[in-house]
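**Q** Fold the stuff below for me.
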Amino acid sequence: MSQETLFGSGPALPPAYPERAAWGTAPKLRQWQAEALDKYFTLAPQDFLAVATPGAGKTTFALRAATELVDRGTVNRIVVVAPTDHLKRQWADAAARVGLSIDPNFKNSDGQHGRDFIGVAVTYAQVAMKPMLHRAKTEAARTLVILDEIHHGGDALSWGDGIREAFEPATRRLALTGTPFRSDTAAIPFVEYAEDKDGIRRSRADYTYGYGSALRDHVVRPVIFMAYSGQMRWRTSAGDEMAASLGEAAVTKDVTAQAWRTALNPQGQWIPAVLAAADKRLTEVRRAVPDAGGLVIATDHEDARAYAGQLSRITGESPTVILSDDAGASEKIEEFSAGDSRWMVAVRMVSEGVDVPRLAVGVYATSTATPLFFAQAVGRFVRARKRGETASVFLPSVPNLMQLANQMELERDHALDRPEKDNDDFLPEEGLMEAANREEKASDSLTKGKYEALESQAAFDRVLFDGGEFGTGGEIGSDDELDFLGIPGLLDAEQVGVLLRQRQHEQQSRKRRTSAAAADPQPAVVDHRQLTELRNQLAKNVSAWSARSGMPHGVVHSELRRICGGPPVAQANEEQLNKRLKKLQDWFIGRK
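**A** Have a look, this model is predicted:
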């Protein structure tokens, strides 16, 4: 079907709707959008599910379909259902650009929208509150329902029941999603399921356009994941002090979860170091893309505000902070999107569907780690504006995040009846992290004690790209880290791969030369028990000095490293640890 056939003049519009000549100019279609539209109008189904990777242009596809359905007289009313209030406004703005007047401010109490609008944008929660109201409006007109991010139909039983009740009489239903559905057993309304040879029912999309295809078509940016590890120390609910390296393989899942939580604690040194590294990366990107911006995704409001304060100190510029309870959140997002300031900090509001095309650098500083959320969060950085733009996302080095980063191009379907052992969309660490967060927040208001982050140190770990891993690790500020932070901001996917392999080879050669120069024919035997004892002794002395001086543990360690030299505690040798203990003794007796 040609574009002329698809978007030519159609039957007369309802009297209350503006004339066709006054409508906006439709944007040129991408190939996948044209193919999906051709299939849509060939099938002419009541229900159609389109799965397209974030940044691919699902909104343009859906609004072009809506325009044609209105032109043909197939529908005379449009309802857009979105997850958030901000996305309602975003849909209304996009619809206005192609001549469709959608009211994003409609409330259930209004009863009906103004005659100047062809329809409304509502949230899933709004529909669930008054499904019969929306059903009556659906029955009263030839209604097209656009269900944006349809996977939210399974978020709560009331939401699924609500959209089923409200929109069962619709003339057409167009469902959209940018990421694979969650693997639970709640069937989402208006989605077709098919049973495979294993007896598992899986969702069936009518058209799919994945990240791999979009990357080949230069519709999305390649993503470079910058992973950071480091040494963590915390106090458990039993009062025991624990220490582990972030991402260390030989630890239990609950230790991994607590180390991860310790890394994200804004009072430690891990987060400031990673934010500073991300800002260096942003500076490099802005050499080629002057308006490039960054986004930090935080776990909660308290952390978001703390991270914003740290960014202010790092950059000298106050970032935009987006909180879900902020009445002006949408205006702040729009202002940031249209400007050229460096950083925005948010909790969950900017993780899904929000369109800020200039975002190029991200910091994943949240404990939420389902594949769905991860893909949506990364999707905020992949929208391509011109060929060669790259996205860089900074991550904690924890196993499940590394797995998700390495599987960016894999597609998952929404499955019903999946055996519990196969339900890999919710990895164990996710529940552990949520429990750790709940425990810490409860202890803040109850007892003071249960979990306490004591110290966190950051170290550069590796770079993940296109299923491969690059880099040999290094200290913060080392050449090993700066080699990757300084990658140019305008490179296509193939050039990124070539440059990463080159940097990897250079680092390996440099380390071999260093090792050869430092080789000792009779190396000293290291007493690991002695090192462990010295580390424990240093930790106790640091805790005592922290209690006496009011200086946070991480700051004490950083000051000792600054004065005495040497690497973080986990890599320090006996001489370096003794030197720091001696300096602490000097402090206790009043010597400088």
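
**Q** Distance check, residue 219 against residue 90.
**A** Computed as CB to CB, to the nearest Å, the residue 219 to residue 90 distance reads 19 Å. Heads up, the C-betas are built off the backbone N, CA and C, glycines and all.

**Q** Low-confidence regions, the stretch 51-200 of the chain specifically.
**A** Applying pLDDT under 70 to the stretch 51-200 of the chain flags the ranges 155-156, 179-186, 198-200.

**Q** Would you map the strands across it?
**A** For the stretch 51-200 of the chain, applying DSSP state E, counting those that start in this stretch gives strands covering 77-82, 102-103, 119-123, 143-147, 172-177, 193-195.

**Q** who wins for proximity to residue 571 among the ones you listed?
**A** Closest approach to residue 571 among the strands of the stretch 51-200 of the chain (CB to CB): strand 172-177, 44.9 Å.

**Q** partner strands of that closest one, parallel or antiparallel?
**A** Using DSSP bridges, the strands paired with strand 172-177 in its sheet are strand 47-52 (parallel), strand 143-147 (parallel).

**Q** Can you check what angle separates it from strand 77-82?
**A** 20 degrees (axes from the mean of the first three to the mean of the last three CA atoms, to 10 degrees).

**Q** Out of the strands paired with strand 172-177, which one sits most buried?
**A** Per residue and on average, the most neighbours among the strands paired with strand 172-177 fall to strand 143-147, with a mean of 25 (mean count of other CB atoms under 10 Å).

**Q** Pull the residues that contact it.
**A** Strand 143-147 has contacts (CB atoms under 8 Å, 6 or more residues apart in numbering) with 62, 66, 69, 74-75, 77-81, 91, 119, 137-138, 153, 163, 167, 169-176, 190.

**Q** which strand residues sit across from residue 462 in the sheet?
**A** Per DSSP bridges, the residues bridged to residue 462 are residue 227.

**Q** Residue 475 versus that one, what's the distance?
**A** Remark: distance between residue 462 and residue 475 (CB to CB) = 14 Å.

**Q** the more surrounded of those two?
**A** For residue 462 and residue 475, the more surrounded residue by other CB atoms under 10 Å is residue 462, and the numbers stand at 21 against 17.

**Q** what residues are up against the more buried one?
**A** Applying CB under 8 Å, 6+ apart, we find residue 462 in contact with 227, 397, 469-473.

**Q** circling back to that earlier point, residue 557: which of the strands paired with strand 172-177 is closest?
**A** Nearest to residue 557, of all the strands paired with strand 172-177, is strand 47-52, at 47.3 Å by CB to CB.

**Q** follow-up on the earlier one: would you convert the strands paired with strand 172-177 into a markdown table that also reports distance to residue 214?
**A** Shown next, in a markdown table, are the strands paired with strand 172-177 (distance: least, CB to CB, whole Å):
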| stretch | distance to residue 214 |
| --- | --- |
| strand 47-52 | 8 |
| strand 143-147 | 21 |
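
**Q** Figure out which of those is closest to residue 509.
**A** Nearest to residue 509 among those is strand 47-52; the distance by CB to CB comes to 42.6 Å.

**Q** tell me which element residue 563 falls in.
**A** The secondary structure element spanning residue 563 is helix 553-564 (assigned by DSSP states H and E).

**Q** ok, and for that helix, which residues are buried?
**A** By 16 or more other CB atoms under 10 Å, the buried positions in helix 553-564 come out as 553-558, 560-561, 564.

**Q** likewise stretch 106-122?
**A** The neighbour-count check on stretch 106-122 (16+ other CB under 10 Å) flags 106, 113, 117-122 as buried.

**Q** residues making contact with that stretch?
**A** Contact with stretch 106-122 is made by 14, 16-17, 70, 76-82, 87-89, 91-92, 100-104, 126, 129-130, 133-134, 137, 143-144, as judged by CB under 8 Å, 6+ apart.

**Q** Which neighbouring elements make contact with whichever strand or helix holds residue 509?
**A** Using DSSP H and E, residue 509 sits in helix 493-518. Helix 493-518 is packed against strand 459-465, strand 468-470, helix 479-485, with contacts defined by 3 or more CB pairs under 8 Å, 6 or more residues apart in numbering; DSSP states H and E.

**Q** Following that helix in sequence, what is the next regular element?
**A** helix 528-549.

**Q** Restricting to C-alpha, output that following helix in CSV.
**A** Taking Å, rounded to 0.1, in the frame of the first residue of the first chain, the C-alpha atoms of helix 528-549 are listed here in CSV:
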residue,chain,number,x,y,z
HIS,A,528,47.0,-13.2,53.8
ARG,A,529,46.1,-13.7,57.4
GLN,A,530,48.3,-10.8,58.4
LEU,A,531,46.6,-8.6,55.7
THR,A,532,43.2,-9.6,56.9
GLU,A,533,44.1,-8.7,60.5
LEU,A,534,45.5,-5.3,59.5
ARG,A,535,42.4,-4.5,57.4
ASN,A,536,40.2,-5.3,60.4
GLN,A,537,42.4,-3.3,62.7
LEU,A,538,42.3,-0.4,60.3
ALA,A,539,38.5,-0.7,60.0
LYS,A,540,38.0,-0.5,63.8
ASN,A,541,40.4,2.5,64.1
VAL,A,542,38.6,4.3,61.3
SER,A,543,35.3,3.6,63.0
ALA,A,544,36.6,5.0,66.3
TRP,A,545,38.0,8.1,64.6
SER,A,546,34.7,8.6,62.7
ALA,A,547,32.8,8.5,66.0
ARG,A,548,35.2,10.9,67.6
SER,A,549,35.5,13.4,64.7
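
**Q** and that helix, what other elements does it pack with?
**A** On a contact count with 3+ CB pairs under 8 Å, 6+ apart, helix 528-549 meets strand 241-245, strand 452-456, helix 553-564, helix 574-588.

**Q** Mean confidence (pLDDT) on the third one, please.
**A** Translated: helix 553-564. Averaging pLDDT along helix 553-564 yields 83.

**Q** what angle do that helix and helix 528-549 make?
**A** Here helix 553-564 runs at an angle of 110 degrees relative to helix 528-549 (the same axes, to 10 degrees).
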